[in-house]
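Asks: here is the input, now give the coordinates:
(chains A and B)
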Number of protein chains: 2
Amino acid sequence: MTTSTHRTRYEALAQYVRDRIEQGAFQPGERLPSVRQMAELRQVSVTTVLEGYRRLEDWGLIAARPQSGYYVQSPPTAQCEVPRVMEPHPRTKVVGRSALIRDLLQEAQTGAQVPLGAAVLHPELLPQRMLARMQSKVLREKPAVALSYSFPPGHKGLRHQIARRLAMAGCAASADDIIITSGCTEALCISLGAVVRRGETVAIESPAYYALLEWLEVNGVHAHPVQTHPDTGMDLDALEEVLKSGSVQAVFVVPSFSNPLGSCMPPEAKERLAQLAARYETPVIEDDIYGELAFARERPPLVKGYDDGGWVMNCGSFSKVLSSGLRIGWAVPGRWYQEVLRRKRVTTMASDTAAQWALAEYLEHGGYDRHLRRLRRTLHDNTQRFIKHVFDAFPEGTRVTRPSGGFLLWIELPAGHNTTRLKEAALRHGISIGPGALFGLDGRYDHCLRLNTGVPWSERMAAAVHTLGALAKEQGEG
Amino acid sequence: MTTSTHRTRYEALAQYVRDRIEQGAFQPGERLPSVRQMAELRQVSVTTVLEGYRRLEDWGLIAARPQSGYYVQSPPTAQCEVPRVMEPHPRTKVVGRSALIRDLLQEAQTGAQVPLGAAVLHPELLPQRMLARMQSKVLREKPAVALSYSFPPGHKGLRHQIARRLAMAGCAASADDIIITSGCTEALCISLGAVVRRGETVAIESPAYYALLEWLEVNGVHAHPVQTHPDTGMDLDALEEVLKSGSVQAVFVVPSFSNPLGSCMPPEAKERLAQLAARYETPVIEDDIYGELAFARERPPLVKGYDDGGWVMNCGSFSKVLSSGLRIGWAVPGRWYQEVLRRKRVTTMASDTAAQWALAEYLEHGGYDRHLRRLRRTLHDNTQRFIKHVFDAFPEGTRVTRPSGGFLLWIELPAGHNTTRLKEAALRHGISIGPGALFGLDGRYDHCLRLNTGVPWSERMAAAVHTLGALAKEQGEG
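Replies: Okay, the predicted model is just below:
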């Protein structure tokens, strides 16, 4: 009860400050009252203020400056609202989106001049030289190892390093609980495959990651979309109703900086989700591929960290933080360890050896935390800039998310817009975007779009957003 | 009719010479009559003798020496017979072999002192330095490319090089027909997945590759084993009966140097198999992972080369010829191209980028054919040596295959032996082997074993074979 009261208090404080910011009482760039001052003003404890301020940081509304205090972030967020939560139809058969996905990836590959489509970090944001040097070192010094199979569960040194990172996220998995995979995609594929069969149903976020939707379609598995809030993620009351009814065999969720919404479930929601998994004996697949990319100082906790019974299957990868070309991810499959290991063997047998050794070396000696700090700052700045320009350029009534991590923005255009057509128009200007139809079932998100903000910021990006806005306005008038 | 008569003639000639060799009329090291002499002696055409001699080369019984003629290979093969063809039970449910596979891979990883278990080429037989140098070059010169996604169907330069190799094997596929995969395992996984579902049935060789059996088990697919000859592969009359009955949805075959038998289907059988696929509109998955490793001068043709209608799904990889650690293979899925491409996206999304670029460079400039010639010679010599020592050391009544390519030997011990127990005894002497239970359904091959001959030959290998023989004899007496 105490925890719950405390939670209410700091959330109330965060909401109070948020309202003031959105009403313009606290201006961008302005320093907030100090923690002590705020505690006196609002008659709450210093701890409550600290947690409330952290929540505001998570939302990207304020930022701490060392030895100085907390400042309101620009741009003002009052006039461009966050997208609405849409109530999805239950138990929807997933339908074809293959052509859209093929286009998205092809545009990323051939390099649209302004690559705002696929969720791909621009190489300039990565520690390219360091990673290349470390992989070359492995190849030079241990060619016999580097060019031979690394059979499942994969290179132990890398599994140790991953366990260390998981521990920092509050999860006590050991190297022996981890299976190295060929990217997060394989981790998701073999985790899902271990727990659902053709004709069964998975509860998913709405909107949802397109490759999940394609996996379900390819494997003849049904989707039960659960409404999902742009800030706080999947609605757990709605999920519990679904679990109670016994109509789903698994839950798939991106709890930290989801794709495409960017939502982040609060710690207490993650704890509840782990409890629901155990109570209803239903596996929860946690896709944590964006989890290290919090704008706040600390990464959010994992659902897996609250999982005592092994009902949560955690999946991750280095593709969104270090390199997508190395194809290295992992699964922590809990009670399905043996089954996922078997599936790893018959899906790809092993993952790239030199890449595993290079990553183990990089995580130990390469300055990963320094890289992450820099990357997160860049992505935070980019996100703010993109939001500002969307607000300036897009049609009235446009809504945009306020993610607290990752590099994706989700934009809801006024009803009647069609972003699959907008995508075609944008491509003619050398700009790729992710049309909403990629992420939705039954046409629900056809007026939405996703932007990849993982690019070096430049005037060209600003111009691209303005071009998109102009095209959208044209479409609205047409 | 002419073709068929010609085929009978050269096969008859090959069989005639084989009989003479096995009876000792032609001694190891002896030069055979010249092609012209033999044509006169047997009253056949020069072409018939040439094709007959090629067949004998394929069997590893004779070898051509430039400017000199054809010589009988040692060892004599008369006294250790080839394994018998066993008629399998039709439509067998695949059963658990996970623990055996886990052991096999683990022993390969931790490095049994004498690694005769998993089918892994020893790194000393690979162009390690050249491959490592080429991958380092890509990482140094193009880090941004090397560390980013290479979306399906994968690096075009590599697909071009693969198409060139396929053309040399008589298959006219272009780069646009090829999908790069993460090893042959992924190619098989997504090809099978595209054409069979849970509860359906695949016609397979007997004995069969263990990872295929595990894939079937994991995916709830039934196996219909078809009897398979150690020399000529799957019995196509038996297969046609099965196809006629309509009880299988796909055929899986390793037509060139199968695993574990080492059998190689003659060209005319491959042609017939492609015709059967089209006639019965049933996909044939062709696993060609060992195809480049013929002991004869030319690699055998592909089933895919006789496939006009796109019913053959060809799969291959560099894991058994260049490097298993790079995890690069390919699929040429014919009429299932789009479906296999989708499955590639949801299985691993992409394959290692730097590895793809390094392999493309190596295939173009690295001296691949020179490496292959050297490797094939080594593997041929090894095979002969292993056969000789098996003959010397194993219990009376032991049978052993005479593969004409690859690096696997299949040994049939007299009835009553159990190679799963033999494996345990061998491990205590630092020797790993592949017990027959890995490859069989319903205990049919529990008295057989597979040896990996892809190792640098040494007295230690000879001693290991003698240890295995002694252990088998002990077991026979116990």
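Asks: tell me the strands beside the helix or strand harbouring A:E205, with direction?
Replies: According to DSSP states H and E, A:E205 maps onto strand A:201-206. Sheet pairing for strand A:201-206, assigned by DSSP bridges, gives strand A:222-229 (parallel), strand A:250-253 (parallel).
Asks: hang on, A:P127 packs against A:A358?
Replies: No. The pair A:P127 / A:A358 is not scored as a contact, 11.4 Å apart, by C-beta atoms under 8 Å. C-beta: built from backbone N, CA, C; applies to glycine.
Asks: out of those two, which sits in the busier spot?
Replies: Neighbours per residue, other C-beta atoms under 10 Å in any protein chain shown: of A:P127 and A:A358, the larger number sits with A:A358, 30 against 22.
Asks: does the more buried one touch A:R140 like I think?
Replies: No. Between A:A358 and A:R140 there is no contact under C-beta under 8 Å: 11.6 Å.
Asks: how about the helices in the stretch 151-300 of chain A?
Replies: A:156-168, A:183-195, A:210-218, A:236-245, A:267-279 (DSSP state H, counting those that start in this stretch).
Asks: could you list every helix and strand that the third one packs against?
Replies: Based on contacts counted as 3 or more C-beta pairs under 8 Å, 6 or more residues apart in numbering or on different chains; DSSP states H and E, the elements that helix A:210-218 packs against are helix A:98-110, helix A:183-195, strand A:201-206, strand A:222-229, helix B:337-347.
Asks: buried ones in the helix or strand bottoming out on mean pLDDT in chain A, by neighbour count?
Replies: Lowest by mean pLDDT, DSSP states H and E among the helices and strands of chain A is helix A:2-23, with a mean of 77. Burial within helix A:2-23, assessed by neighbour count using 16 or more other C-beta atoms under 10 Å in any protein chain shown, is assigned to A:9-11, A:13-14, A:17-18, A:21.
Asks: please apply the same query to stretch A:433-452.
Replies: By neighbour count on 16+ other C-beta under 10 Å, the buried set for stretch A:433-452 is A:433-441, A:444-452.
Asks: ditto for stretch A:39-58
Replies: A:39, A:42, A:44, A:48-49, A:51-58.
Asks: again, but for stretch A:453-465
Replies: Buried residues in stretch A:453-465, counting neighbours by 16+ other C-beta under 10 Å, are found at A:453-455, A:461-462, A:464-465.
Asks: tell me the one of those residues nearest chain B?
Replies: A:G454 (11.5 Å; C-beta to the nearest C-beta).
Asks: could you give the angle of the strand holding A:E205 to helix A:236-245?
Replies: Relative orientation of strand A:201-206 versus helix A:236-245 (axes from the mean of the first three to the mean of the last three C-alpha atoms, to 10 degrees): 170 degrees.
Asks: from the buried residues of stretch A:39-58, list the ones also adjacent to chain B.
Replies: With the criterion set as C-beta under 8 Å from any C-beta of the partner chain, no member of those is near chain B.
Asks: how about CSV for these, with secondary structure and pLDDT added?
Replies: Putting those into CSV (DSSP: H, G, I helix; E, B strand; the rest coil; pLDDT from 0 to 100) gives the following:
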residue, secondary structure, pLDDT
A:A39, helix, 89
A:R42, helix, 87
A:V44, coil, 91
A:T48, helix, 92
A:V49, helix, 94
A:E51, helix, 90
A:G52, helix, 91
A:Y53, helix, 92
A:R54, helix, 86
A:R55, helix, 83
A:L56, helix, 86
A:E57, helix, 82
A:D58, helix, 74
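Asks: verify the contact between A:S319 and A:C184 for me.
Replies: Yes. The pair A:S319 / A:C184 is scored as a contact, 6.3 Å apart, by C-beta under 8 Å.
Asks: where do the contact lists of the two overlap?
Replies: A:289, A:329 (C-beta atoms under 8 Å, 6 or more residues apart in numbering or on different chains).
Asks: who has more neighbours out of the two?
Replies: Neighbour tally, A:S319 and A:C184, criterion other C-beta under 10 Å: the higher count belongs to A:C184, 27 against 24.
Asks: list the contacts of the more buried one.
Replies: A:287, A:289, A:315-317, A:319, A:329.
Asks: A:L302: neighbour count?
Replies: Neighbours of A:L302 (other C-beta under 10 Å): 25.
Asks: next one: A:K137 from chain B, what distance?
Replies: 9 Å (C-beta to the nearest C-beta, to the nearest Å).
Asks: and that residue, backbone torsions?
Replies: Phi and psi for A:K137, reported as degrees, to the nearest 10, are phi -60, psi -50.
Asks: quick one: the residue of chain A positioned farthest from its centre from chain B, how far?
Replies: Going by C-alpha atoms, centre = their mean, the residue of chain A most distant from its centre is A:A144, 37.1 Å out. For A:A144, the distance to chain B equals 4 Å [C-beta to the nearest C-beta].
Asks: please parse chain A into its domains.
Replies: A:2-72, A:98-124+A:370-477, A:140-368 (automatic domain parsing).
Asks: return the most buried member of those domains.
Replies: domain A:140-368 (a mean of 22; mean count of other C-beta atoms under 10 Å in any protein chain shown).
Asks: OK, contacts around A:A64?
Replies: Contacts of A:A64 by C-beta under 8 Å, 6+ apart are A:53, A:57, A:70-71, A:297.
Asks: wait, isn't A:E364 in contact with A:L158?
Replies: No. Counting by C-beta under 8 Å, A:E364 does not reach A:L158; the two are 9.7 Å apart.
Asks: pretty sure A:T232 contacts A:L261?
Replies: No. A:T232 lies out of contact with A:L261 (C-beta under 8 Å); the separation is 10.0 Å.
Asks: now the nearest residue to A:S432 once chain neighbours are set aside: how far from chain B?
Replies: Counting by C-beta to C-beta, 6 or more residues apart in numbering or on different chains, A:G117 is the residue found nearest to A:S432 once chain neighbours are left out, at 3.3 Å. Using C-beta to the nearest C-beta, one obtains 12 Å as the distance from A:G117 to chain B.
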